[in-house]
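*Asks:* Structure, please.
(2 chains)
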Amino acid sequence: QQKVQQSPESLTVSEGAMASLNCTFSDRSSDNFRWYRQHSGKGLEVLVSIFSDGEKEEGSFTAHLNRASLHVFLHIREPQPSDSALYLCAVSAVLSGTYQRFGTGTKLQVVP
Amino acid sequence: EAAVTQSPRSKVAVTGGKVTLSCHQTNNHDYMYWYRQDTGHGLRLIHYSYVADSTEKGDIPDGYKASRPSQENFSLILELASLSQTAVYFCASSDSGGDTGQLYFGEGSKLTVL
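*Replies:* Numbers count the residues shown, from 1 in each chain, chains lettered A, B, ... in the order given. Next up is the predicted model:
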């Protein structure tokens, strides 16, 4: 069964500094990756979706996928205190028809 | 306006009691899901449905039932609530299968079982 792990568990960065989050997966046939954000007490909102190796940018969020190394990264450019939240990655494999499985999340705190 | 709404947003139940969590979506999506969120476990899929009057088991279905009476509505039922079912429950919808579709989430239902 697909294993999805995220690191670090928590991260504190200064406002305006780059934040980098890591997600590793176990199924090499995975081909569908999304990063979600969850503010405290709220539901999840999708930030960026990526389906092939390389980078995908959505506003201040950039996903970087390297399937050979089983990693997908999220880089947050110039984060603001309002970006403080739990970040989750979700991974699925379309050909094997497996639904999205989530990592345990990285709790990001952006300090002024 | 929210496209996926859950009710109740918070509930306290007694052990052995019956709990029903409801979800309503206005996205016109075929797929609906129930997840639970626990610290250290991320989100885990309980049940899902891709058509009215049909439900499927996810990764952790034991102790839960689901009901999809219409495209818009999807309920999660705990017939005999237990302490271990204390968690936050999220409903989501998508316009294609759970392997490809972007999920749209409700704001969650916090369940405390005493």
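*Asks:* how near is the residue in chain A positioned nearest to chain B to A:G16?
*Replies:* Nearest residue of chain A to chain B (Cβ to the nearest Cβ) works out as A:Y99 at 2.9 Å. Every C-beta, even on glycine, is put in place using the N, C-alpha and C of the backbone. The gap separating A:Y99 from A:G16 is 37 Å, by Cβ to Cβ, to the nearest Å.
*Asks:* Compare neighbour counts for the two and give me the winner.
*Replies:* A:Y99 (23 against 11; other Cβ atoms under 10 Å in any protein chain shown).
*Asks:* name the element that one belongs to?
*Replies:* strand A:98-102 (DSSP states H and E).
*Asks:* tell me which strands and helices that strand is in contact with?
*Replies:* strand A:32-38, strand A:85-93, strand B:42-51 (3 or more Cβ pairs under 8 Å, 6 or more residues apart in numbering or on different chains; DSSP states H and E).
*Asks:* hmm, the last one touching chain A?
*Replies:* Yes - in this structure, strand B:42-51 sits against chain A according to Cβ under 8 Å from any Cβ of the partner chain; the contacting residues are B:42-45, B:48.
*Asks:* Would you mind getting the angle between that strand and strand A:32-38?
*Replies:* Angle of strand B:42-51 versus strand A:32-38, following axes from the mean of the first three to the mean of the last three Cα atoms, to 10 degrees, is 110 degrees.
*Asks:* can you pick the most crowded of the residues of strand B:42-51 next to chain A?
*Replies:* The residues of strand B:42-51 next to chain A, ranked by neighbours (other Cβ under 10 Å): first place B:L43, 27 neighbours.
*Asks:* Could you report the pLDDT at that residue?
*Replies:* B:L43 carries a pLDDT value of 92.
*Asks:* Please apply the same query to A:K42.
*Replies:* On the pLDDT scale, A:K42 gets 89.
*Asks:* How about the secondary structure of it?
*Replies:* For A:K42, the assignment made with DSSP: H, G, I helix; E, B strand; the rest coil gives coil.
*Asks:* Backbone torsions only: list them for it.
*Replies:* Backbone torsions for A:K42, taken as degrees, to the nearest 10, come to phi -120, psi 170.
*Asks:* Please apply the same query to B:G58.
*Replies:* phi -100, psi -140.
*Asks:* how many other residues sit next to it?
*Replies:* 19.
*Asks:* Quick check: the closest residue in space to it that isn't next to it in sequence vs A:N22, distance?
*Replies:* In space, and not counting its chain neighbours, B:G58 is closest to B:L45: 3.2 Å by Cβ to Cβ, 6 or more residues apart in numbering or on different chains. Distance of B:L45 to A:N22, computed by Cβ to Cβ: 23 Å.
*Asks:* residues touching the residue nearest the centre of chain B, list them.
*Replies:* Computing the C-alpha centroid of chain B and ranking residues by Cα atoms, centre = their mean puts B:W34 first, at 2.7 Å. B:W34 sits next to B:21, B:23, B:45-48, B:58, B:64, B:66, B:74, B:76, B:89-91 when contact means Cβ atoms under 8 Å, 6 or more residues apart in numbering or on different chains.
*Asks:* What number of residues are in the vicinity of residue 21?
*Replies:* Unless you meant another one, I'm taking chain A. A:L21 has 22 nearby residues by other Cβ under 10 Å.
*Asks:* Wait, chain B was what I had in mind.
*Replies:* For B:L21, using other Cβ under 10 Å, the count is 24.
*Asks:* Cheers, nothing more for now.
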